[in-house]
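Student: just coords:
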């Protein structure tokens, strides 16, 4: 989900003479082709995440998909530009036969590395169904998928249990839509489960040539790729998690493309480095303060509402985003179906009203904790909230931690730490269909991957199911708006912002291609 600029985490190396276990050499790529290109066109870009997996059926971080889209094929992909559209990729054609059946025909000649043969409809069936069969934490991305019928080597039919509108802008062009080799994965895993960081075969324009955790990911051209030639011989993604460090890396020439921190943006706009273009894309992400409704200190809705009203969102955005991000009205960003014109609690809050809620709860002084990740943006948000809550007699202890530890806090599978959660600073990346952002807060998500607030609403779940099956966008919008009202009325959420994606790149090195929210589509980048 997220990269920190995208957050939602769910949870080796090639050297001269050594192989990436289960990776490049196991995929059949000659070692000589896996060595980094000493010459040729190299794209150097910042990666804001440290990848946790290269398996699209079990992906954990949104920016992992930037890599997967280079090394695997999908039936369709997002179209570069300012509008959310899709186009054909591995599919020669695709059509909706009726509300629950989508027929596709594959392009011939797409090969897997490692002598695993041509990509066929059997691989499509295996790739899509394994997400459900193995109960992947991202299986909700497939919505109502039932199974895939195979008609012949190149043609199949996606069969849904009920209509699923988000299939076109979530399932197919994003994470779970990537196609892996059935034979290669079964050889590597025996049962078709996750292969984690050791891909057994590739089918995209690039292959994974090198990966050093916390350092970099290197992609090189796929020698068996038969599609349009990608623009760069090598893509080198430098792992720079801390956003304030991205600007320094760009100035130093370590990277030629970077998403920078919002507080770095004014300097780049006013005095950009030579041959640099600055873009500030409107993000779909959503930041919020969540509250564990089952914690003894937060069970009283009046306490939660006091916190909602004590938080002044514009102050937070000035402190953490240098005023470069806009106030959010809910989960869904402007332009998405179901976006609300305004939140129920005004952005500035109201300290006196917050005190009234505390008095109603019979609370005069209260000590709470807030958990967040340990980078500058999250620290600034947490410290601002700390100061704001002190105005109503609430002391707030900030628990900062690395992303690996943070993203296990609310998972029941990781022990009982979820019981100690009180306030939490959350950040998810999102996708253009509202289903995706809203799906994380159903009762089914409690204790699994999200819904750390342990928010329970039968009405919310009913509306989520109805909206997912509709193609009437006005009717969908009304349901998603009501769902956000239910979240806010629970007192468990204080919506903050959708963030921004300020991006800088060298015009002498590349022509970029991005989604409307600024996420890179690396296979379509061109050298200058």
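Tutor: Nice, I can see it. This structure is a prediction, so every number in the text was calculated from the model and none was measured.
Student: going forward, measure contacts between C-alpha atoms and count neighbours the same way
Tutor: Will do.
Student: which stretches of the stretch 351-500 of the chain aren't confidently modelled?
Tutor: The model of the stretch 351-500 of the chain has no residue with pLDDT under 70.
Student: Could I get the full set of helices for the stretch 401-528 of the chain?
Tutor: 403-406, 434-438, 458-468, 473-489 (DSSP state H, counting those that start in this stretch).
Student: so what does the shortest one touch, helix or strand wise?
Tutor: With contacts defined as 3 or more CA pairs under 8 Å, 6 or more residues apart in numbering; DSSP states H and E, the packing partners of helix 403-406 are strand 366-373.
Student: What residues sit buried inside the strand it packs on?
Tutor: 368-373 (16 or more other CA atoms under 10 Å).
Student: Hmm, residue 414 and residue 408 touching each other?
Tutor: Yes - Residue 408 lies in contact with residue 414 (CA atoms under 8 Å); the separation is 6.4 Å.
Student: more neighbours, those two?
Tutor: residue 408 (21 against 12; other CA atoms under 10 Å).
Student: how close does the residue lying farthest from the centre of the chain get to residue 355?
Tutor: Using CA atoms, centre = their mean, the residue of the chain lying farthest from its centre is residue 362. It sits 40.4 Å away. Here the criterion is CA to CA, to the nearest Å. By it, residue 362 lies 10 Å from residue 355.
Student: Same check on residue 389?
Tutor: Taking CA to CA, one finds residue 389 at 10 Å from residue 355.
Student: got it, and residue 289?
Tutor: Relative to residue 355, and taking CA to CA, residue 289 is found at 19 Å.
Student: Same check on residue 249?
Tutor: For residue 249, the distance to residue 355 - CA to CA - is 46 Å.
Student: So for those two, which residue has more residues nearby?
Tutor: Shown here are residue 249 and residue 355; by other CA under 10 Å, residue 355 has more neighbours (23 against 19).
Student: Can you get me the start-to-end distance on stretch 409-426?
Tutor: Stretch 409-426 stretches 12 Å from its first residue to its last (CA to CA).
Student: no, scratch that, I was asking about stretch 330-346
Tutor: Using CA to CA, one end of stretch 330-346 lies 12 Å from the other.
Student: what about the helices in the chain?
Tutor: 31-34, 64-71, 121-133, 182-189, 243-252, 265-270, 301-310, 313-321, 351-360, 376-390, 403-406, 434-438, 458-468, 473-489 (DSSP state H).
Student: TSV for the ones you listed, including distance to residue 235?
Tutor: TSV is the format used below for those (distance: least, CA to CA, whole Å):
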stretch	distance to residue 235
helix 31-34	12
helix 64-71	10
helix 121-133	26
helix 182-189	24
helix 243-252	16
helix 265-270	24
helix 301-310	44
helix 313-321	29
helix 351-360	50
helix 376-390	28
helix 403-406	25
helix 434-438	29
helix 458-468	37
helix 473-489	39
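Student: Which one, of those helices, ends up nearest to residue 158?
Tutor: helix 121-133 (8.5 Å; CA to CA).
Student: tell me which residues of that closest one are tucked away?
Tutor: Neighbour count says helix 121-133 has 121-132 buried, by 16+ other CA under 10 Å.
Student: Please apply the same query to stretch 107-126.
Tutor: Buried residues in stretch 107-126 (16+ other CA under 10 Å): 107, 110-114, 116, 118-126.
Student: starting at the chain centroid, how far to that stretch?
Tutor: 27 Å (CA atoms, centre = their mean, to the nearest Å).
Student: With stretch 43-56 instead?
Tutor: Worked out by CA atoms, centre = their mean, stretch 43-56 lies 12 Å from the chain centre.
Student: what's the span of that stretch, first residue to last?
Tutor: Per CA to CA, stretch 43-56 runs 23 Å from first to last residue.
Student: Check which residues of it are buried.
Tutor: 43-56.
Student: can you check stretch 254-261 too?
Tutor: Buried residues in stretch 254-261 (16+ other CA under 10 Å): 255-261.
Student: I'd like the average pLDDT over that stretch.
Tutor: Averaged over stretch 254-261, pLDDT sits at 95.
Student: the strands in the stretch 1-150 of the chain, which residues?
Tutor: 42-47, 73-74, 76-78, 86-88, 91-98, 101-106, 145-150 (DSSP state E, counting those that start in this stretch).
Student: Which strands or helices does the second one pack on?
Tutor: The one in question is strand 73-74. strand 178-179.
Student: Counting by contacts, list what the strand it packs on packs against.
Tutor: strand 73-74, helix 121-133.
Student: count of residues packed around residue 459?
Tutor: 12.
Student: Kindly provide the distance from it to residue 354.
Tutor: 27 Å.
Student: What of residue 386?
Tutor: Distance, residue 386 to residue 354, using CA to CA: 15 Å.
Student: If you count surrounding residues, which of these two has more?
Tutor: residue 354 (24 against 20).
Student: That one against residue 310, yeah?
Tutor: Yes - using CA under 8 Å, residue 354 makes contact with residue 310 at a distance of 5.4 Å.
Student: what touches both of the two?
Tutor: residue 392 (CA atoms under 8 Å, 6 or more residues apart in numbering).
Student: Just list the residues touching residue 306, thanks.
Tutor: 353-358.
Student: Let's see that with 10 Å instead.
Tutor: Residue 306 makes contact with 349-361, 389, 392, 394, 491, according to CA atoms under 10 Å, 6 or more residues apart in numbering.
Student: okay, residue 333: pLDDT?
Tutor: 95.
Student: Excluding sequence neighbours, find me the nearest residue to residue 163.
Tutor: residue 469 (4.7 Å; CA to CA, 6 or more residues apart in numbering).
Student: Look up how far residue 164 lies from the one you found.
Tutor: Distance from residue 469 to residue 164, by CA to CA: 5 Å.
Student: tally of neighbours for the residue nearest to residue 163?
Tutor: 19.
Student: Residue 476 is in contact with that one, correct?
Tutor: Yes - contact criterion CA atoms under 10 Å: residue 469 and residue 476 qualify, at 8.9 Å.
Student: Can you check which residues contact both of those two?
Tutor: Common neighbours of residue 469 and residue 476 (CA under 10 Å, 6+ apart) are residue 435.
Student: I'd like to know how many residues surround residue 98.
Tutor: Applying other CA under 10 Å, I find that residue 98 has 10 neighbouring residues.
Student: swap that for residue 378, please
Tutor: 20.
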